[in-house]
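# Model the structure of this input:
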Amino acid sequence: MDRAKTPPVGSYRPLAGVKVLDVGILIPANQCSVKLAALGADVVKVEAPGIGDRIRYIGGVGPRLENGHHQSQARGKRSIALDLKNPKDQEICLDLAAQADVLIENFLPGALKRMGIDLEALRRRRPELIVCSITGFGQTGPLASMPSHGLNMDALADSLNVDWRDGEPFLGRNFTSWGNEMGSTYACFAIAAALFERTRSGEGAWIDISNWDTVVEAHRADIALAYFTGDLGRPDPTAAPPPREFYNTYRSRDGRAVLLGALEKKFWTNFCRGVGREDLIDRHTGKELEFEAAPGATPLREELGAIFATADAAEWDRRFVEWDCPGSTVLHITDIIQHPHFAARDLAQGAFGEWPNVANAIRWGHTGERAGLGLSPPPAIDEHREEVLRDWLGQRPEG
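This next block holds a predicted model:
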């Protein structure tokens, strides 16, 4: 996308004026800082001289080996190249940190201090500074020093898709790491809360975000149940889930997977009336997640399978809306970006054949704007050195 054609950022920018220094690498730190940029923050990205952040080179495509991670997570930022192991560059980084409201990093605990960037000392000098440390497993605990990528965090948090075949585990389709996704989101949530508290007390914070923690917490109901019942047995990973006919997927006439989500009896009733099978209404007991077929009847899944095979997936989507019944075709991302709802929600800017601006999930209802629309394209390595030194440190360009 041509910079000159980049649409203006929305008028509602609640973090405008907040200075964010991102010294992290790869996905978690980048995802956190781009979300803050989408909310209006001034984000300066510190990158290694010459090579930049390694996120630039994950799965590159095309003649320039560009990739979706960098293109979607580096927008709205300014880049300055600093070697954090070099004393002169360390001094510049510390000077920038002295002007920042928020510093984001995702190195293993103690790694920055060994390089010469002492976060504890920074906060002693500037108690108002908010430091957000995003790691795989946190600053404390037996796993704190474990290097991590997204899927090993997910694996240890009961959130990895494993395909069991003939008793052997194979890695299943995992379109993202839930640890990376949820960790970066929780980091933004915590930073916003810390900024609000600072307006009252003047004190900053040191935020310890463990990506693993965020995914484990998502299993809160299972954790509560295990504590309450004392049942700590490990379930058989190869066992088939219990039959849930009213909340399951079926094959449509055109071979697509279609989800029926008629958990509540009112929705099941709407579905049965829609398909002209009111005789099936009483097969729902009225208790959500308790499914049973009438004695001696044909198994309900077989009957539903025959019903779904009579129409294409698109027709089922239309009927679910018309009949007021939860349900939907199981879409892949290429389906989603062509869906009319995707366009209506302004989730991306750009045309096919160019890198789009993938916007933030937040939409401001009072302005009708999507957070993150209009963010500038990803910067070149060290592209904004003079700007950053001028704007943040008041330095004039040499010569």
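
# Just want the most central residue of the protein.
Against the mean C-alpha coordinate of the chain, by CA atoms, centre = their mean, the closest residue is Glu181 at 3.0 Å.

# Secondary structure element holding the residue found closest to Asp231 once you drop the neighbours it is linked to in the chain?
Nearest residue to Asp231 in three dimensions, chain neighbours excluded: Leu225, at 7.9 Å (CB to CB, 6 or more residues apart in numbering). Placement of C-beta: from N, CA and C, glycine included. Leu225 is part of helix 220-229 when elements are defined by DSSP states H and E.

# Check which element follows that helix along the chain.
That would be, after helix 220-229 and using DSSP H and E, strand 247-251.

# in its sheet, what does the helix or strand just after that next one sit against?
Of the helices and strands lying after strand 247-251 in sequence (DSSP H and E), the nearest is strand 257-261. Take DSSP bridges as the rule and strand 257-261 pairs in its sheet with strand 247-251 (antiparallel), strand 327-329 (antiparallel).

# Show me the one of the ones you listed that comes nearest Leu129.
When the strands paired with strand 257-261 are compared by CB to CB, strand 327-329 sits nearest Leu129, at 45.4 Å.

# Which pLDDT does the model give Arg244?
As predicted, Arg244 sits at a pLDDT of 80.

# and what of Arg200?
pLDDT at Arg200 comes out at 97.

# May I ask which helix or strand encompasses Val43?
Using DSSP H and E, Val43 falls in strand 42-47.

# and that strand, what other elements does it pack with?
Strand 42-47 makes packing contacts with strand 19-22, helix 26-38, strand 77-81, helix 87-97, helix 385-393 when contacts are defined by 3 or more CB pairs under 8 Å, 6 or more residues apart in numbering; DSSP states H and E.

# Among those, pick out the one with the most neighbours on average.
Highest mean neighbour count of the helices and strands packed on strand 42-47: helix 26-38, a mean of 26 (counted as mean count of other CB atoms under 10 Å).

# re the thing from before, out of the strands paired with strand 257-261, point me to the one whose mean pLDDT is lowest.
Among the strands paired with strand 257-261, strand 247-251 scores lowest, at a mean of 94.

# For Pro241, report the pLDDT, please.
Predicted confidence (pLDDT) for Pro241: 70.

# List the contacts of stretch 273-281.
Residues outside stretch 273-281 that contact it (CB atoms under 8 Å, 6 or more residues apart in numbering): Lys265, Trp268, Thr269, Cys272, Leu300, Glu303, Ile307, Arg319, Glu322, Trp323, Cys325.

# Okay, now stretch 32-44: how far is its last residue from its first?
Start-to-end span of stretch 32-44 (CA to CA, to the nearest Å) is 13 Å.

# How about the backbone phi and psi for Cys132?
phi -120, psi 110 (degrees, to the nearest 10).

# what about it, distance to Thr329?
The span separating Cys132 from Thr329 equals 39 Å under the rule CB to CB, to the nearest Å.

# Which one's more surrounded, these two?
Cys132 (28 against 20; other CB atoms under 10 Å).

# who's in contact with the residue nearest to the centre of the chain?
Applying CB under 8 Å, 6+ apart to Glu181 gives the contacts Gln31.

# State the number of residues packed around Lys45.
Using other CB under 10 Å, the number of residues around Lys45 comes to 30.

# who's it bridged to?
Beta-bridge partners, per DSSP bridges, of Lys45: Asp22, Ser79.

# Tell me the pLDDT of it.
98.

# go on, the one 10 residues further on?
As summarised for this prediction, Ile55 has a pLDDT of 93.

# Was I right to think it contacts Asn30?
Yes: proximity of Ile55 to Asn30 meets the contact threshold set by CB atoms under 8 Å, at 5.6 Å.

# joint contacts of these two?
Contacts common to Ile55 and Asn30, judged by CB under 8 Å, 6+ apart, are His69, Gln73, Ala74.

# I'd like those residues as a markdown table, with secondary structure and distance to Val215 appended.
Output for the shared contacts of Ile55 and Asn30, formatted as a markdown table (DSSP: H, G, I helix; E, B strand; the rest coil; distance: CB to CB, whole Å):
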| residue | secondary structure | distance to Val215 |
| --- | --- | --- |
| His69 | helix | 19 |
| Gln73 | helix | 19 |
| Ala74 | coil | 25 |
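
# can I get those in JSON lines with distance to Arg277, pLDDT and neighbour count?
JSON lines is the format used below for the shared contacts of Ile55 and Asn30 (distance: CB to CB, whole Å; pLDDT from 0 to 100; neighbours: other CB atoms under 10 Å):
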{"residue": "His69", "distance to Arg277": "47", "pLDDT": "93", "neighbour count": "20"}
{"residue": "Gln73", "distance to Arg277": "48", "pLDDT": "96", "neighbour count": "26"}
{"residue": "Ala74", "distance to Arg277": "53", "pLDDT": "96", "neighbour count": "26"}
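
# Show the contacting residues for Leu36.
Contacts of Leu36 by CB under 8 Å, 6+ apart are Leu15, Val18, Val20, Val43, Val102, Cys188, Ile191.

# Number of residues surrounding Ala314?
13.

# so which of the contacts of stretch 273-281 comes closest to Asn106?
Using CB to CB, the contacts of stretch 273-281 come closest to Asn106 at Cys325, 43.3 Å.

# Just the pLDDT for the residue nearest to Ala16 when sequence neighbours are not counted.
Distance criterion CB to CB, 6+ apart; nearest residue to Ala16, sequence neighbours excluded, is Gly40 at 4.0 Å. pLDDT recorded at Gly40 is 97.

# so what's His284 bridging to?
In beta-bridge terms (that is, DSSP bridges), His284 pairs with Phe291.

# Report how many residues lie close to it.
Count around His284 with other CB under 10 Å applied: 24.

# Distance of it relative to Glu322?
20 Å.
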